[in-house]
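Novice: Sharing a sequence plus its predicted fold:
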Amino acid sequence: MFITENVISHESRFIDKILTKIGLAKASKFLVLSNKVQDDIKSLFPTKSIFKSELPIYDCYDNNKSLNKSELRSKFGFNNSDKVLLFFGYIRHYKGLDILIESLKILRSEDKSYKLLVAGESYENEKIYLDLISEYKLESAVHMENKFISNEDVGAYFYASDVAVLPYRSATQSGILNMAYGFNKPVVITNVGGLAEFVVEDQTGVIVNESSPDSIANGIKKFFQLNQTIDFHKILKFIFQAIVFLKL
């Protein structure tokens, strides 16, 4: 049995698909983590057995509840009245950080309280993103840490933010989404790959149909509007407790 996360790489070349099919041909059955990967496997091996599971909610990082939100925000250069967006995890082209930076420009043209916290190791030249931030004059609105975040430090970034944003161009499933849920943190995601399978619209987050700056900006605005009347944190906490109860 092969456990398959991404069957085809997000940034694949033609030869990758051929080599992937050769590499996976020895498997007699597959375990997949989303419908998107299940469809990818079916297209390559229509007669082989496929089983589906899901990633767990990663509450293992929520290990320091004494962290103070105000102090954390001050550490990152934000204040309590700011609307803090979090981009967390490896920085790769398909994850759309550049799109989110452009969305931030749109948002701040209407409301200067929008801020962006970026935490994760870049697989690309960081200058691509720093140049965009400079071009749009967003230096005071973005705190960017291009580094690997240790398990012990993960909580600081989620506690300091209001919402995790996944502006992905493509996806299968995402550990970052499940990590956000572990902190009872809502998400704004693009409707690509299998991401939307794990989001209850307007209850655990907001689903955006296009990975474009305007669409993502509108999705973020929608979240903050809903946040005035919907207790996302309470809903996520209830869902997580229900999942734990059902597994007992």
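Specialist: Noted; the coordinates are in hand. Numbering: from 1, shown residues only.

Novice: Please name the residues that touch the residue nearest to the spatial centre of the chain.
Specialist: Centroid-nearest residue in the chain: residue 166, 3.7 Å away (criterion: Cα atoms, centre = their mean). By Cβ atoms under 8 Å, 6 or more residues apart in numbering, the contact set of residue 166 is 95, 174, 176-177, 187-190, 195. Where you see a C-beta, it was placed from the backbone N, CA and C, and this is true even at glycine.

Novice: How much space separates it from residue 155?
Specialist: Relative to residue 155, residue 166 is positioned 19 Å away (Cβ to Cβ, to the nearest Å).

Novice: State the phi and psi torsions of the residue nearest to residue 194 when sequence neighbours are not counted.
Specialist: Setting aside the residues directly before and after it, residue 194 is nearest to residue 34 in space (Cβ to Cβ, 6 or more residues apart in numbering), at 3.0 Å. Dihedral pair for residue 34: phi -160, psi 160, per degrees, to the nearest 10.

Novice: Please give me every residue in contact with residue 34.
Specialist: Counted by Cβ under 8 Å, 6+ apart, residue 34 has contacts 52, 54, 172-173, 193-194, 197.

Novice: Would you mind giving those as CSV with neighbour count, secondary structure and distance to residue 162 added?
Specialist: Output for these, formatted as CSV (neighbours: other Cβ atoms under 10 Å; DSSP: H, G, I helix; E, B strand; the rest coil; distance: Cβ to Cβ, whole Å):
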residue, neighbour count, secondary structure, distance to residue 162
52, 12, strand, 32
54, 13, coil, 26
172, 24, coil, 26
173, 22, coil, 23
193, 24, coil, 25
194, 20, coil, 25
197, 14, helix, 24
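
Novice: just those now: which is nearest residue 133?
Specialist: residue 193 (27.1 Å; Cβ to Cβ).

Novice: just checking, that closest one touches residue 39?
Specialist: No: contact criterion Cβ atoms under 8 Å: residue 193 and residue 39 do not qualify, at 9.9 Å.

Novice: in this structure, what spans have low per-residue confidence?
Specialist: Along the chain, the model assigns pLDDT under 70 to residues 9-12, 63, 65, 243-248.

Novice: what about the strands in the chain?
Specialist: Under the criterion DSSP state E, strands of the chain are mapped to 2-4, 29-32, 49-52, 83-88, 114-119, 142-145, 163-166, 187-190, 205-208.

Novice: Now render those strands as a markdown table, adding distance to residue 101.
Specialist: Formatted as a markdown table, the strands of the chain follow (distance: least, Cβ to Cβ, whole Å):
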| stretch | distance to residue 101 |
| --- | --- |
| strand 2-4 | 32 |
| strand 29-32 | 32 |
| strand 49-52 | 35 |
| strand 83-88 | 9 |
| strand 114-119 | 7 |
| strand 142-145 | 7 |
| strand 163-166 | 11 |
| strand 187-190 | 15 |
| strand 205-208 | 16 |
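
Novice: out of these, nearest to residue 77?
Specialist: strand 142-145 (5.4 Å).

Novice: Could I get the buried residue list for the closest one?
Specialist: Residues of strand 142-145 classed as buried under the neighbour-count rule (16 or more other Cβ atoms under 10 Å) are 142-144.
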